[in-house]
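In: Here you go, sequence then predicted model.
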Amino acid sequence: MIMDRYSVIIWPGELPPTRGQLIQQVRGIDGFLSLLTDRIDEELMDLIGPQLKVISNMAVGVDNIDLIAATARGIPVGNTPDVLTDATADQAFALMLAAARRFLEADRFLRAGKWITWSPSLLLGADFVDATLGIVGFGRIGRAIAKRALGFDMHVIFHDPSAGSEFNAQPVELDTLLRLSDFISINVPLTYETHHLVNAKFLSRMKSNAILVNTSRGGVVDQAALYDALISRKIFAAALDVTDPEPLPLDCPLLELENCIIMPHLGSASRRTREMMSLLAAENLIAGIEGKRLPNCVNPQVYS
C-alpha cells in the first residue's frame, strides 16, 4: 500500500534504531510510521524538517510522542485504536488466570521433578466465581475485560471518572476498589498523572490475596514497590505484560519471584490484530501525506 505510492525508508534491524541512527534516517521525510520504541520529541521533529506532514504510530498509546510539540507544528498524530481491544483484553484475562492458578509456577515445579504425588494442598490458587474484579481505567480495553468477567460470574467494579457503566460494572472510588478487589486490572494510558500510579501506597491498600495485572504501560507501575509487596506477600501475585524498561534486564529482581509473571509486551500479539494495526497505521500515514484528515487522530485540534 505505502510502497506502491511513495519512496520508503525502512529500518532493517531487529532492534530499534539508536537516537543517532534514527536522526540520520528521518531527515527530510514527509511522513513517519513509528513504533512505540521510537521516541519522537520536539528536537527530532525539528531535525526532520518543516515538511513533516504526519506521524502515524502503530499502537494505541502515544506516550512515545510529544503531542504538544506535534500539535504546535500542525502535525497530526495517528494511532491504531479498537483493533487491538479484544486481543489485549484476552491477554489480561489469560494473565489473571495464569497468576491465580499458578500456571507457570506449576510448570516449573513439574519440570524440576518435584511432582511426587497428588496432594490436597499442592499449589493452591485463587477462585474466580464470586470474586471481585477491579478495573482501573474503563476505556475500550477495560470494558472488554469486564465483558469477559461476566462469563466467570465475577463482580466487576471500576474506577474511571470519565466513563459510564457497562456490563454490570459499578463505578467506585479508587480506595474502595483497592479495598474490595480480589483482582485488579490496570488499563490507563501512561501520562504524567499515571506514572507510578501503582506505588507503595497503592499496593498497601490492596487485599493480601489480591492479584495485580498490568497490560497498559510499564511506567504505570513502580516495580521496586511491586517487588517489595510481592516478596513480603502483601499481595498474592502479579502478572505484567509491560515493564519499564522494555526489554526488562535479566537482573531485575522481579524475575526471581515465583509469584510474578512477566510477558514481553504481547498484548496485541495475534496475527489478525497486528495485521489490522499495520493497516490502520498505513491508512493514517497515507491520509496525512495526502493532506486528508487521519482516520484515527489523537490531536484533532490540528484541524481547527
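Out: Looks like it arrived, so ask away. Bear in mind that the values here come from a model prediction, so they are computed numbers and not experimental data. Numbering: from 1, shown residues only.

In: what distance separates the start and the end of stretch 252-262?
Out: 11 Å (CA to CA, to the nearest Å).

In: Now do the contacts for the spatially most central residue of the chain.
Out: When the chain is reduced to its mean C-alpha position, the nearest residue by CA atoms, centre = their mean turns out to be residue 216, at 2.5 Å. Counting by CB atoms under 8 Å, 6 or more residues apart in numbering, residue 216 makes contact with 61, 137, 186, 187, 188, 189, 190, 242. C-beta: built from backbone N, CA, C; applies to glycine.

In: Next: residue 131.
Out: Neighbours of residue 131 in contact, by CB under 8 Å, 6+ apart: 152, 154, 155, 182, 183.

In: so which pair among those residues is furthest apart in space?
Out: Farthest-apart pair in the contacts of residue 131 is 152 and 182; separation 11.5 Å (CB to CB).

In: Which one's more surrounded, the two?
Out: residue 182 (22 against 16; other CB atoms under 10 Å).

In: domains in the chain, as residue ranges please.
Out: Using automatic domain parsing, the domains assigned to the chain come out as 19-81+270-303, 85-262.

In: Ends of the longest one, what's the gap?
Out: Taking CA to CA as the measure, domain 85-262 stretches 20 Å from start to finish.

In: and what of stretch 60-77?
Out: End-to-end span of stretch 60-77 (CA to CA): 11 Å.

In: buried stuff in that stretch?
Out: Using 16 or more other CB atoms under 10 Å as the test for burial, stretch 60-77 gives 60-67, 69-71, 75-77.

In: so how far is that stretch off the chain centroid?
Out: Per CA atoms, centre = their mean, to the nearest Å, the displacement of stretch 60-77 from the mean C-alpha position of its chain is 19 Å.

In: helices and strands of this protein: which one bottoms out on pLDDT?
Out: helix 19-26 (a mean of 94; mean pLDDT, DSSP states H and E).

In: could you say what helices and strands it packs with?
Out: If you count contacts as 3 or more CB pairs under 8 Å, 6 or more residues apart in numbering; DSSP states H and E, helix 19-26 packs onto helix 42-48.

In: C-terminal to the helix it packs on, what's the next element?
Out: Per DSSP states H and E, the first helix or strand lying C-terminal to helix 42-48 is strand 54-57.

In: got the CA positions of that following strand in CSV?
Out: C-alpha atoms of strand 54-57 as CSV (Å, rounded to 0.1, in the frame of the first residue of the first chain):
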residue,chain,number,x,y,z
VAL,A,54,2.1,13.2,9.7
ILE,A,55,3.2,10.9,12.4
SER,A,56,1.4,7.5,12.4
ASN,A,57,2.1,5.4,15.5
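
In: what ranges do the strands span in the stretch 1-150 of the chain?
Out: Counting by DSSP state E, counting those that start in this stretch, one finds strands in the stretch 1-150 of the chain at the ranges 31-34, 54-57, 77-78, 132-136.

In: Take the ones you listed and write them to a markdown table, including mean pLDDT and distance to residue 117.
Out: Shown next, in a markdown table, are the strands of the stretch 1-150 of the chain (pLDDT from 0 to 100; distance: least, CB to CB, whole Å):
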| stretch | mean pLDDT | distance to residue 117 |
| --- | --- | --- |
| strand 31-34 | 97 | 54 |
| strand 54-57 | 98 | 53 |
| strand 77-78 | 98 | 57 |
| strand 132-136 | 98 | 34 |
